[in-house]
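In: quick one, fold the following:
(one chain, ligands or ions: 1)
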Amino acid sequence: MTSSIIIEPSTLYIVATPIGNLGDITLRAIDTLKHVDLIAAEDTRHSGLLLQHLSIHAKLYPLHDHNEQQKAQQLVEKLKSGLSIALISDAGTPLINDPGYHLVKTCREQNIKVVPIPGACAAIAALCVSGLPTDKFCYEGFLPAKSKARIDYLTQLQQETRTLVFYESTHRIIDSLHDMVAVFGKDKSIVLAKELTKSWETIVQLSISELIMWLIEDENRQKGEFVLILEGYKKSSDEALDPTAIKLLNRLQQELPLKKAAAIVADVYGLKKNQLYQLGLDNKSEQN
Ligand code: SAM
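Out: The predicted model follows:
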């Protein structure tokens, strides 16, 4: 294993930085930040503190969400002239709910080499301690700010079978959880991963309504940075369905397209069309 890195000219390095605990910076990240010609950073003052801690005296270049498209081309020109550049964000992995997408896209379109220097990411850190399935998951980032848009968005995820990972802020955590109750029900289990890698790191698994109570009990619990992880939708087993509904679906499936058969059974028995459609597909694949 080696930490040394040869910095190449005309190359953009995407460097992950800690999400709290400064010990989480990698050896490659330090080497890269020490040796590049320029560091593009979301908040140059904030990143300046990290660089000071690492005794790195690099030139910083501001790159925010609101100026990224315009600055991306300027950075690309610098890369083309032979400079090596590292991109960092305030915390964690750049581009994961942080600036960098336009820059990387522009670089790749213009055949400029982009090298990852991986490290901390709150979503991954939270997921792997959640105890929820990690084989397939959806990273959802922040939910919409307004309740109506949030409920609409969550409703689209109601039948998502993969584990769902959300970022949430102090100001919206309670409102978002109330909307999750409206869409997923109060008893659905949720994991809250708070202040990961910091001294007040807390990981709790409760029902959504219990989590709201837990947060309300002590206002300090609502402060800090959060990742919320929800288990994906579980298909109900066939036993949970009325056997006569299954029988009718099987019979109609022989005469009608599955979509139509599922819609009729859903209507007659007050069931979910998608659930019946899936059952019909399972029936078909069992017969083949
Ligand atoms: N790029 C970052 C990453 O790789 O995770 C994410 C940046 S995003 C602007 C900030 C959000 O990430 C926070 O509001 C919170 O939801 C989550 N986050 C960042 N650090 C965290 C931590 N130490 N513990 C829990 N969540 C964290």
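In: domain map for this structure?
Out: Per automatic domain parsing, the structural domains of the chain span 11-120, 123-230, 243-287.
In: is the longest one up against the ligand anywhere?
Out: Yes. Domain 11-120 lies in contact with the ligand when judged by Cβ under 6 Å from any ligand atom; the contacting residues are 19-20, 89, 91-93, 96-98. C-beta here means a position set from N, CA and C on the backbone, and glycine is covered the same way.
In: strands of this structure, start to end?
Out: According to DSSP state E, the chain carries its strands in the segments 11-15, 38-41, 60-62, 85-88, 113-117, 137-142, 163-168, 189-194, 202-207, 226-230.
In: now these in JSON lines, with distance to residue 32, mean pLDDT and mean neighbour count?
Out: Formatted as JSON lines, these follow (distance: least, Cβ to Cβ, whole Å; pLDDT from 0 to 100; neighbours: other Cβ atoms under 10 Å):
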{"stretch": "strand 11-15", "distance to residue 32": "5", "mean pLDDT": "98", "mean neighbour count": "24"}
{"stretch": "strand 38-41", "distance to residue 32": "9", "mean pLDDT": "96", "mean neighbour count": "24"}
{"stretch": "strand 60-62", "distance to residue 32": "15", "mean pLDDT": "93", "mean neighbour count": "16"}
{"stretch": "strand 85-88", "distance to residue 32": "5", "mean pLDDT": "98", "mean neighbour count": "26"}
{"stretch": "strand 113-117", "distance to residue 32": "5", "mean pLDDT": "98", "mean neighbour count": "16"}
{"stretch": "strand 137-142", "distance to residue 32": "25", "mean pLDDT": "98", "mean neighbour count": "15"}
{"stretch": "strand 163-168", "distance to residue 32": "26", "mean pLDDT": "98", "mean neighbour count": "21"}
{"stretch": "strand 189-194", "distance to residue 32": "28", "mean pLDDT": "97", "mean neighbour count": "22"}
{"stretch": "strand 202-207", "distance to residue 32": "31", "mean pLDDT": "97", "mean neighbour count": "15"}
{"stretch": "strand 226-230", "distance to residue 32": "26", "mean pLDDT": "98", "mean neighbour count": "24"}
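In: which of those strands sits closest to residue 129?
Out: Ranking the strands of the chain by proximity to residue 129 (Cβ to Cβ) places strand 202-207 first, at 5.7 Å.
In: and the closest one, what does it pack against?
Out: strand 189-194, helix 208-217 (3 or more Cβ pairs under 8 Å, 6 or more residues apart in numbering; DSSP states H and E).
In: turn the ones you listed into JSON lines, columns for distance to the ligand.
Out: Formatted as JSON lines, the helices and strands packed on strand 202-207 follow (distance: least, Cβ to the nearest ligand atom, whole Å):
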{"stretch": "strand 189-194", "distance to the ligand": "6"}
{"stretch": "helix 208-217", "distance to the ligand": "14"}
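In: can you redo these as TSV with distance to residue 138?
Out: As requested, the helices and strands packed on strand 202-207 are arranged in TSV below (distance: least, Cβ to Cβ, whole Å):
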stretch	distance to residue 138
strand 189-194	15
helix 208-217	18
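In: look up how far the ligand lies from the residue nearest the centre of the chain.
Out: Taking Cα atoms, centre = their mean as the criterion, residue 139 is the residue nearest the geometric centre of the chain, at 2.9 Å. Separation of residue 139 from the ligand (Cβ to the nearest ligand atom, to the nearest Å) stands at 10 Å.
In: all helices of the protein, in order?
Out: 27-35, 44-53, 68-80, 101-109, 122-127, 147-156, 173-184, 208-217, 243-255, 258-269, 273-287 (DSSP state H).
In: tell me the bridge partners for the residue lying closest to residue 58 once chain neighbours are set aside.
Out: Leaving aside its sequence neighbours, residue 58 sits nearest to residue 39 (Cβ to Cβ, 6 or more residues apart in numbering; 4.7 Å). Residues in a beta bridge with residue 39, per DSSP bridges, are residue 60, residue 86.
In: much appreciated, bye for now.
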